[in-house]
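>>> sequence and computational prediction follow.
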Number of protein chains: 2
Amino acid sequence: MKPKIAHATLHDVAELAGVSHQTVSRVINDSPRVSENTRQRVLEAIQQLNYQPNHTARALATRRSLTLEIVTFGVGYYGPAQMMGGVERAAKARGYRLFFSNLDRLTYADMRETVEDLKRQQVEGVVLIAPVRSVLYEELIKERNNIPVVQLATQKDVTFPSIIIDQHLGSRLATQHLIDTGHSSIAAISGPLHWNDAAARHEGWLDTLQDNHLNPVNWTEGDWSAASGYRAAHELIDHGAKFTALVIANDQMALGAILALRERGLRIPEDVSIVGFDDIPEASFFDPPLTTIRQDFSTLGEQSVEYLVEIIADPQSAAGQRVLTPRLILRKSHR
Amino acid sequence: MKPKIAHATLHDVAELAGVSHQTVSRVINDSPRVSENTRQRVLEAIQQLNYQPNHTARALATRRSLTLEIVTFGVGYYGPAQMMGGVERAAKARGYRLFFSNLDRLTYADMRETVEDLKRQQVEGVVLIAPVRSVLYEELIKERNNIPVVQLATQKDVTFPSIIIDQHLGSRLATQHLIDTGHSSIAAISGPLHWNDAAARHEGWLDTLQDNHLNPVNWTEGDWSAASGYRAAHELIDHGAKFTALVIANDQMALGAILALRERGLRIPEDVSIVGFDDIPEASFFDPPLTTIRQDFSTLGEQSVEYLVEIIADPQSAAGQRVLTPRLILRKSHR
DNA sequence: AATAATCATGTGAACGTTCACATATAAGTT
DNA sequence: AACTTATATGTGAACGTTCACATGATTATT
């Protein structure tokens, strides 16, 4: 019995219910200013026509889109993917829809494109996953037509709205634990240092060694991949580095390094202790199970939406950086 | 010198350039029907006012939103995350924006919510990552207000527009290879069987054994996680299963299984051969490097957008299922 | 030189909502 | 009984575009 009107409008419903379009509008917006009697009649008409409010028209009229955008760099990576999940969940809970935009490369053209898009989009706020050091982000922030932006995984102590996990602290936790358990030759495999988290973790390692009057033995830079961890570990040994422990900037590289060390006849943890970062779900099943610094990326994503919503409600409340704390998870890759 | 009008409109630009709004509209839409002279004048005004066309208004007037939606189940998993990346890339290349919606649980309420949202959204098409067997998807498809939908990772031989990777074939590739290299006791750890890919892989394994007149030795079901692979391998042995090879439905479970087997004193590949599925980037750095069936999820995502765009252009062209082929990648976890 | 065709521009009404009012009826106060 | 107040509804103009058409100026055709 459902008349198949392509898309019923407010007016179609009004006509069928014998009221004005405004009354229908009141019904769908839960206005108290409408009698129970007519409300029922309208509801029935809505049902009968399978009416759904047109979001576009509504956005145009109210000048509110109820839409957020997430701009991410590298969906392929574990961290960003987890953050996205968190952002989506929180956005949905708050009644916002989510545009999704990924940057594969941080080129000027791609960034430009993204900025222009943002301006056209009628978006109420942006979660920017900005894990890499780049002036392009600043450009985006400046040119964004006053749309609130919350940055994730950016640099520490930055003054604009942002949330980070304290990587320096995380690295300190890892390194200090190794020192406390008797190690004094602690090498490192860092992430790509133009990534904020990689840089912070690296400095945390350096600072902790310094505080304990230890020399930074040796380190190399990887690219987050297991392949690069494998190469890095081999390199370290090739260059004659002596170490009894290894701080590795993420779990994937740790996996690669474990394989390399084994190839070199080194046992873990007997000959070298390892601690990683992230605590990916697989980390417990490395051989040996990996001691690592857990990052709650998903919560990070959720909180970014909370923050954003606060700013949207009151732009004055846009105040600085919030910081989450990582946690050392002890398993069997160290002693 | 830039006057900071919150949002300049077509009319603001028209006034400044001394033309009608329609002329400005022509300019921004690259209509040939405008003299070079006035085009310049308009362009200048646009620049000066920092004008950006309002996407919402345009969508309302043209009844085209230039927006696609991706509905996914489990961003946390490797496959879906990769597909998303592909979808985003292709959508952007085609000039479409992308709404992102994730389902954490396949409950009626969540699905209902998603369907209602779709109807309101003014979206031109939907990529539905539907890796799990559920009637709820059918509901979504039926009630979608005639919006084109392309399903990914759904069941084989289904008649609506969809793209899958041939998991049955993949499993056949894996199992047959083991048989060809001399194995006759081939056990399996499957994924959760209500997942389409898991079911297809499982059947592929069964069918291949049957074709070769071998008995399916034994198998257990995991949940894709490394933890479940670990448990499953232990279980298999606890139950007295005898096998010289193991087909494991994804690489993460393979990782867990490898650890379990080693704990039981079994060497890989000397005592048991292993082949996984997916070829996650870490698979080369398992110990031993994992032989596995590579899935090109990212291409799958891209192609879904191509298909969707075809359907949008010509709804008649919505025809059936397209199939991609997986590939066996030989490494060192078998012999 | 007159007529037709082309080009450059303008005008007003859509698109489907909400917003700011205006109006009519009912109920409450003095 | 007259006057205020509250309640239920309707009216027309926004929102910022595009669309369909109308107009006037230029150029081409016979």
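Looks like it arrived, so ask away. Residues are numbered from 1 along each chain as shown, chains lettered A, B, ... in the order given.
>>> which strand residues bridge A:Val149?
A:Val126 (DSSP bridges).
>>> hang on, it packs against A:Leu128?
Yes: using CB atoms under 8 Å, A:Val149 is in contact with A:Leu128, at 5.5 Å. Heads up, the C-betas are built off the backbone N, CA and C, glycines and all.
>>> any shared contact partners between these two?
A:Leu140, A:Ile141 (CB atoms under 8 Å, 6 or more residues apart in numbering or on different chains).
>>> right, and A:Gly74 touches A:Pro80 too?
Yes: A:Gly74 lies in contact with A:Pro80 (CB under 8 Å); the separation is 5.2 Å.
>>> buried residues in the helix or strand harbouring A:Leu206?
For A:Leu206, the host element (DSSP states H and E) is helix A:196-211. In terms of neighbour count (16 or more other CB atoms under 10 Å in any protein chain shown), helix A:196-211 has its buried residues at A:196-206, A:208-209.
>>> interface residues of chain A facing DNA strand C?
A:7, A:9-11, A:21-22, A:25, A:28-29, A:51-54, A:57-58, A:60-62 (CB under 7 Å from any atom of the strand).
>>> for the stretch 201-335 of chain A, which segments are assigned as helices?
A:226-238, A:251-263, A:297-313 (DSSP state H, counting those that start in this stretch).
>>> one more: the stretch 51-200 of chain A?
A:55-62, A:78-93, A:108-120, A:135-142, A:167-180, A:196-211.
>>> report pLDDT for the residue nearest to A:Gln167 when sequence neighbours are not counted.
Nearest non-adjacent residue to A:Gln167, counting by CB to CB, 6 or more residues apart in numbering or on different chains: A:Ala200, 3.6 Å away. At A:Ala200, the predicted lDDT confidence score is 97.
>>> give the contact list for A:Ala200.
A:Gln155, A:Lys156, A:Asp166, A:Gln167, A:His168, A:Ser171.
>>> thinking again about what came up before, buried deepest among the helices of the stretch 201-335 of chain A, which one?
helix A:251-263 (a mean of 25; mean count of other CB atoms under 10 Å in any protein chain shown).
>>> and that one, C-alpha only, in PDB?
The C-alpha coordinates for helix A:251-263 follow below in PDB (Å, rounded to 0.1, in the frame of the first residue of the first chain):
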ATOM      1  CA  ASP A 251      56.000  -3.600  17.400                       C
ATOM      2  CA  GLN A 252      56.200  -4.400  13.700                       C
ATOM      3  CA  MET A 253      59.900  -3.300  13.600                       C
ATOM      4  CA  ALA A 254      60.400  -5.300  16.700                       C
ATOM      5  CA  LEU A 255      59.100  -8.400  14.900                       C
ATOM      6  CA  GLY A 256      61.600  -7.800  12.100                       C
ATOM      7  CA  ALA A 257      64.400  -7.200  14.600                       C
ATOM      8  CA  ILE A 258      63.700 -10.400  16.500                       C
ATOM      9  CA  LEU A 259      64.100 -12.400  13.300                       C
ATOM     10  CA  ALA A 260      67.300 -10.700  12.400                       C
ATOM     11  CA  LEU A 261      68.800 -11.200  15.900                       C
ATOM     12  CA  ARG A 262      67.900 -14.800  15.800                       C
ATOM     13  CA  GLU A 263      69.600 -15.100  12.400                       C
END
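>>> angle of it against helix B:251-263?
Computed with axes from the mean of the first three to the mean of the last three CA atoms, to 10 degrees, the direction of helix A:251-263 lies at 30 degrees from that of helix B:251-263.
>>> elements contacting helix A:251-263?
helix A:226-238, strand A:245-248, strand A:273-278 (3 or more CB pairs under 8 Å, 6 or more residues apart in numbering or on different chains; DSSP states H and E).
>>> need the contact partners of the first one.
So that's helix A:226-238. The contact list for helix A:226-238 (CB under 8 Å, 6+ apart) reads A:187, A:189, A:218-222, A:243, A:246, A:248, A:252-257, A:259-261, A:263-264, B:281-282, B:284-285.
>>> if we go to 6 Å?
The set of residues external to helix A:226-238 that reach it, using CB atoms under 6 Å, 6 or more residues apart in numbering or on different chains, is A:187, A:189, A:218, A:220, A:222, A:252-253, A:255-257, A:259-261, A:264, B:282, B:285.
>>> now do stretch A:165-180
With CB under 6 Å, 6+ apart as the test, stretch A:165-180 has contacts from A:186, A:197, A:200-201, A:203-205, A:208, A:212, A:245, A:247, A:275, A:293, A:295, A:323-326, A:328.
>>> sorry, back to before: can you put the helices of the stretch 201-335 of chain A in CSV and add mean pLDDT and distance to A:Gln121?
Below are the helices of the stretch 201-335 of chain A laid out as CSV (pLDDT from 0 to 100; distance: least, CB to CB, whole Å):
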stretch, mean pLDDT, distance to A:Gln121
helix A:226-238, 97, 36
helix A:251-263, 97, 34
helix A:297-313, 96, 15
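>>> returning to what we had before: which one of the buried residues of helix A:196-211 is nearest DNA strand D?
A:Asn196 (36.1 Å; CB to the nearest atom of the strand).
>>> I'd say the closest one and A:Asp157 touch.
No: assessed by CB atoms under 6 Å, A:Asn196 is found out of contact with A:Asp157, at 11.3 Å.
>>> who's in contact with A:Thr67?
A:Arg97, A:Val123.
>>> which pLDDT value goes with it?
95.
>>> and the stretch 201-335 of chain A, which residues reach chain B?
By CB under 6 Å from any CB of the partner chain, the residues of the stretch 201-335 of chain A that approach chain B are A:Ala226, A:Tyr230, A:Gln252, A:Leu255, A:Gly256, A:Leu259, A:Glu282, A:Phe285, A:Asp287.
>>> and the closest residue to the last one other than its chain neighbours, what does it touch?
With CB to CB, 6+ apart as the measure, B:Leu259 is the residue that lies nearest to A:Asp287, at 5.3 Å, once sequence neighbours are left out. Counting by CB under 6 Å, 6+ apart, B:Leu259 makes contact with A:Phe285, A:Asp287, B:Tyr230.
>>> that concludes my questions; thank you for your assistance.
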